[in-house]
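what shape does this take:
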Amino acid sequence: MPKIIDHDQRRREIVAVAKKLIIQGGFEAATMRSIVAEAGFANGALKRYFPSKDSIVAATFQSVLAEMNERIGESDPSLDPKAALRHDIEATLPLDQYRIDGARVLLALWEHSVANEELASLYRDHLREWRRLLAARIAAARGKDESPDAAAVTDLAGEVIGMTIGANVTSLMFPDGALVPEYRAYVDRLMRNIAD
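All right, here's what the predicted structure looks like:
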């Protein structure tokens, strides 16, 4: 009886290998050849799942963004609005090695997306949705019956996104987590400002 192959699982394994290689050596380390070798596939087998490096890159980018969205979505629905907002902000910050590694992958993929309109569009869509969700959380946490579209709310959402992206980039220079206390202190200050 022939062995049944779970093709979706194989794709996830290939993406995991690409992430691992990017974490270890940057975007250039994730060549088709190195992915095949690390995944233990025959040379031609990879093409069955991903026809090109760009298709692997796109899948890897989507995977990292989906993981971030999952972390945000893991908040307890019984949390009060301020606690839910804190959870969402902390979910996007490099507060542990797993998220620092994710930042390394995102940075490599951001650079690549500058020359790849499909990836750039994917990330712009992600940023728009993140801003929308964050603005709704901020409006609820402020408790002032503001619309998520209110300027004060969208300004805060933009500040959080900018700080988060900056923290993810900066964490690459301090991969041992040395900046985690600084990021936590920023979240504390931000939450105090939102409450005012």
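
show me what contacts residue 127?
Going by CB atoms under 8 Å, 6 or more residues apart in numbering, residue 127 touches residue 161. Just so you know, the C-beta spots here come from the backbone N, C-alpha and C atoms, and that holds for glycine as well.

what's around residue 17, how many residues?
22 (other CB atoms under 10 Å).

now it, what are its backbone angles?
phi -70, psi -40 (degrees, to the nearest 10).

hang on, isn't residue 116 packed against residue 52?
No - assessed by CB atoms under 8 Å, residue 116 is found out of contact with residue 52, at 11.3 Å.

who's more crowded, those two?
Neighbour totals were compared for residue 116 and residue 52, and residue 116 leads with 16 against 11 (other CB under 10 Å).

so which residues of this protein form helices?
Under the criterion DSSP state H, the chain contains helices at 7-25, 32-39, 45-49, 53-73, 81-91, 97-113, 117-142, 151-171, 180-195.

with mean pLDDT as extra columns, can I get those in JSON lines?
Output for the helices of the chain, formatted as JSON lines (pLDDT from 0 to 100):
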{"stretch": "helix 7-25", "mean pLDDT": "87"}
{"stretch": "helix 32-39", "mean pLDDT": "86"}
{"stretch": "helix 45-49", "mean pLDDT": "82"}
{"stretch": "helix 53-73", "mean pLDDT": "84"}
{"stretch": "helix 81-91", "mean pLDDT": "93"}
{"stretch": "helix 97-113", "mean pLDDT": "84"}
{"stretch": "helix 117-142", "mean pLDDT": "91"}
{"stretch": "helix 151-171", "mean pLDDT": "93"}
{"stretch": "helix 180-195", "mean pLDDT": "91"}
